[in-house]
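**Student:** kindly return the folded structure for what I paste below:
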Amino acid sequence: MGEFVEGFAELAGLGPAVTIFGSARVGRNDEAYATAVEVGRLLGDAGFTIITGGGPGIMEAGNRGAKEAGAAPVGLNIELPFEQHVHPYVDVEVDFRYFFVRTIMLVKYAQAFVIFPGGFGTMDELFEALTLIQIGKIRDFPIVLFGSDYWGGLLDWVRSAMISEGKASEADLGLLFLTDSPTEARDLILAATKDHYEGAGYERRAREATRKVLGRAQDRPKPEH
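**Tutor:** Sure, this is the predicted structure:
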């Protein structure tokens, strides 16, 4: 309960936000890392706060791009047996012991997801979001799969197995957008969320919310690891 209270208190004023998921095993010299930095930068420039799991790899890259754009990089870190620490590009940090509480926070405060190639954890986050949208527990928002070579096989399997056997529908598959372009990812998210934030004043209000969050983060001492 304490983790829920802390998470709600820290994140309530974020404004429009995008959560970026992906592998922690991506190195800084990897092409996917550079691409995730670009996606974070473009979304930050568009007025979005960038939320990640706070760890290395794609998470670090997404927050790094947000920081370079002057947007709020938020890291929701999980305590793990091998002591994962928050990367240096986070301005707003919340630490969690319980995985399910962290997952709720990653979903609750986002208006869109960008999901880069990843492992079991990334798959868990992807299908959690799809399930919640499918059953109407959260608002239908864009889920952008980044990397057609990586995700194409999964989508083919969904069509050939799930949909062909009646376990899912084409409408369910329509919840996903597949792209290889950082610019297209940003434009998809902007197109899907602009009406929700009433058009013209949306980016201005997003940046005001970002400044408030950054102000709170600067006033609060960083936790020691």
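
**Student:** from memory Gln111 sits against Thr19, does it?
**Tutor:** No: if you go by C-beta atoms under 8 Å, Gln111 and Thr19 don't touch, sitting 9.0 Å apart. C-betas here are computed from N, CA, C, even on glycine.

**Student:** who's in contact with Gly44?
**Tutor:** By C-beta atoms under 8 Å, 6 or more residues apart in numbering, Gly44 lies in contact with 50, 65-71.

**Student:** which helix or strand contains the residue lying closest to Val101 once chain neighbours are set aside?
**Tutor:** Nearest residue to Val101, sequence neighbours excluded (C-beta to C-beta, 6 or more residues apart in numbering): Glu3, at 4.6 Å. For Glu3, the enclosing helix or strand under DSSP states H and E is helix 2-11.

**Student:** which is the next helix or strand following that helix?
**Tutor:** strand 17-21.

**Student:** quick check: neighbours of that next one in the sheet, parallel or antiparallel?
**Tutor:** When sheet partners are counted by DSSP bridges, strand 17-21 sits next to strand 49-52 (parallel), strand 112-115 (parallel).

**Student:** who wins for proximity to Val101 among these?
**Tutor:** strand 49-52 (14.4 Å; C-beta to C-beta).

**Student:** ok, then the element right after that closest one?
**Tutor:** That would be, after strand 49-52 and using DSSP H and E, helix 58-68.

**Student:** how far out from the middle of the chain is that following helix?
**Tutor:** Averaged C-alpha coordinates place helix 58-68 at 11 Å from its chain's average position (C-alpha atoms, centre = their mean, to the nearest Å).

**Student:** Met59 reaches Thr19, doesn't it?
**Tutor:** No: contact criterion C-beta under 8 Å: Met59 and Thr19 do not qualify, at 10.0 Å.

**Student:** and the two? Which one has more around it.
**Tutor:** When Met59 and Thr19 are compared for neighbours, Met59 comes out ahead with 32 against 26, by other C-beta atoms under 10 Å.

**Student:** and the gap between the more buried one and Thr179?
**Tutor:** 19 Å (C-beta to C-beta, to the nearest Å).

**Student:** what segments of this protein are strands?
**Tutor:** 17-21, 49-52, 73-78, 92-96, 112-115, 143-146, 176-179 (DSSP state E).

**Student:** can I get the ones you listed in TSV including mean pLDDT and distance to Leu188?
**Tutor:** What follows is the strands of the chain, written out as TSV (pLDDT from 0 to 100; distance: least, C-beta to C-beta, whole Å):
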stretch	mean pLDDT	distance to Leu188
strand 17-21	94	11
strand 49-52	93	16
strand 73-78	86	21
strand 92-96	80	25
strand 112-115	95	8
strand 143-146	96	6
strand 176-179	95	5
